[in-house]
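here is the input, now give the coordinates:
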Amino acid sequence: MSKIAIFGGSFDPVHKSHIQIAELALQSFGLKKLIFVIAYTPPHKTKQYATIEDRISMLKLITKNLQKTEINLYEVQKQKVVYSYQTLDYFQKLYPVDEIYMIIGSDSLLDLPTWKNINYLAKCYKFIVAKRPGIKINKNTKYLDRCIFIDKETENISSTEIRKIIKEDYLKVASLLDEKVYNYIIQNRLYK
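Residues are numbered from 1 along each chain as shown. The predicted structure is shown next:
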């Protein structure tokens, strides 16, 4: 049984930590493929800043160089809030003989008890967890038995912080973004 990882998010914008997590997951767990799923309207966020077209374009720029990755627009095509269990069920139907994993950060692991239908989600699927700086996971963390961890801690980069910094100065975010994504943001004057 092959492993397929679903990496969902707003990707508003996609940044170097997203790329690092994808590369580490592919290297660490022998994944058949990693599928980026762009959220149209994430359940826990009230607003997107770049258009869906811009977010897709930025993600396409980084996946060109990432082997075994693809972008899927399942949630975008729904044009409404889609919950993680629905997305994973969709991919399990698409790939019935493969094991479906969801990539999350360690901060999201601590939030799992608040997710819609989490008991069903955790019973049917497993999580690949990216360790984030400053987030402590202990042996009593709920759903820990459903997780495998990426050994290396990922860079502490946040799309929210990137958007705040861009308002002041584009140059200050250059080191946080893939060069092609950075150039795309400047050319399209995003987040100003």
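
which residues in the chain form helices?
16-29, 52-63, 74-78, 84-94, 106-111, 118-124, 159-168, 179-187 (DSSP state H).

okay if I get the ones you listed as JSON lines plus distance to residue 130 and mean neighbour count?
Bear in mind the C-beta positions are built from the backbone N, C-alpha and C, glycine included. Listed next are the helices of the chain as JSON lines, based on distance: least, CB to CB, whole Å; neighbours: other CB atoms under 10 Å:
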{"stretch": "helix 16-29", "distance to residue 130": "4", "mean neighbour count": "19"}
{"stretch": "helix 52-63", "distance to residue 130": "16", "mean neighbour count": "18"}
{"stretch": "helix 74-78", "distance to residue 130": "20", "mean neighbour count": "16"}
{"stretch": "helix 84-94", "distance to residue 130": "16", "mean neighbour count": "18"}
{"stretch": "helix 106-111", "distance to residue 130": "7", "mean neighbour count": "18"}
{"stretch": "helix 118-124", "distance to residue 130": "18", "mean neighbour count": "15"}
{"stretch": "helix 159-168", "distance to residue 130": "15", "mean neighbour count": "15"}
{"stretch": "helix 179-187", "distance to residue 130": "19", "mean neighbour count": "16"}
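
make TSV out of those helices and add mean pLDDT and distance to residue 147.
Shown next, in TSV, are the helices of the chain (pLDDT from 0 to 100; distance: least, CB to CB, whole Å):
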stretch	mean pLDDT	distance to residue 147
helix 16-29	96	12
helix 52-63	96	25
helix 74-78	95	23
helix 84-94	98	14
helix 106-111	93	7
helix 118-124	97	9
helix 159-168	93	23
helix 179-187	97	29
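
figure out which of those helices is closest to residue 137.
helix 106-111 (5.7 Å; CB to CB).
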